[in-house]
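S.K.: what would the 3D arrangement of this be:
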Amino acid sequence: MILFETCEGGGVGNGALYAECSTASNVQDKKIVIEDLEELKPGMTFNVKFINANTFGTYDSNYVVGTPPTLQINELPAKPIKCGGRNVGVGFVAAGDIHTFVYDGTAFNDVTSDVVFKNANAIMYRSGAYNTWNGSDLNFVF
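M.R.: Residues are numbered from 1 along each chain as shown. Alright, predicted model coming up:
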């Protein structure tokens, strides 16, 4: 089954598509441009190099991200970014990271990272396990 056709010149092809994202760290909609891409189809794979780290994303006291960053390709609708089925948040990428995403029809799933979010006091992993610390005590939750 062919999901999309080959196009010369850096546009849509039969493999993973590559783009750089230079969206500011604190902006929700991370934007990239991929020549000749007019629609998203489940199974499409994208490699994205983030020029800036991500500082956008809110989470609650149970470390559940409520408002995730999104990825917008060209002028297509922005879709949430997930890792391990969870919305990603602050710190899921560092400046210069290249992440691979697979589009599932509703979201871009990060298949590269094990980190859902991290900040100065906590880090959550793809598995749902997380660590918190307050400067002297370290707490592991599995």
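
S.K.: can you show me the strands along the protein?
M.R.: 17-21, 29-32, 45-50, 58-59, 65-67, 70-73, 79-83, 86-87, 98-103, 108-110, 115-118, 122-125, 130-133, 138-141 (DSSP state E).

S.K.: who is the most centrally placed residue in the chain paired with across the strands?
M.R.: Central residue of the chain (Cα atoms, centre = their mean): Ile81, 4.2 Å from the mean position. Note on Ile81: beta-bridge partners by DSSP bridges are Phe108.

S.K.: give the contact list for it.
M.R.: Residues in contact with Ile81 (Cβ atoms under 8 Å, 6 or more residues apart in numbering) are 30, 68-71, 87-88, 92, 101, 107-108, 110. C-betas here are computed from N, CA, C, even on glycine.

S.K.: now do the buried residues in stretch 30-37.
M.R.: 30-32, 34, 37 (16 or more other Cβ atoms under 10 Å).

S.K.: which of those residues sits closest to Val115?
M.R.: Lys30 (15.9 Å; Cβ to Cβ).

S.K.: that closest one bridge partners, please.
M.R.: Leu71.

S.K.: the contacts of Ile81 into TSV, with extra columns for distance to Gly15 and pLDDT?
M.R.: Output for the contacts of Ile81, formatted as TSV (distance: Cβ to Cβ, whole Å; pLDDT from 0 to 100):
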residue	distance to Gly15	pLDDT
Lys30	21	98
Pro68	27	91
Pro69	25	95
Thr70	24	97
Leu71	18	98
Asn87	27	91
Val88	24	93
Phe92	24	92
Phe101	14	97
Ala107	21	97
Phe108	17	98
Asp110	18	96
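
S.K.: one step back: check what pLDDT the residue nearest to the centre of the chain gets.
M.R.: Looking at Ile81, its pLDDT reads 96.

S.K.: go on, Glu20?
M.R.: 97.

S.K.: ok, the closest residue to it other than its chain neighbours to Asn134 distance?
M.R.: Of all residues not flanking Glu20 in the chain, Lys49 sits nearest, at 4.7 Å (Cβ to Cβ, 6 or more residues apart in numbering). To Asn134, Lys49 is 34 Å away according to Cβ to Cβ, to the nearest Å.
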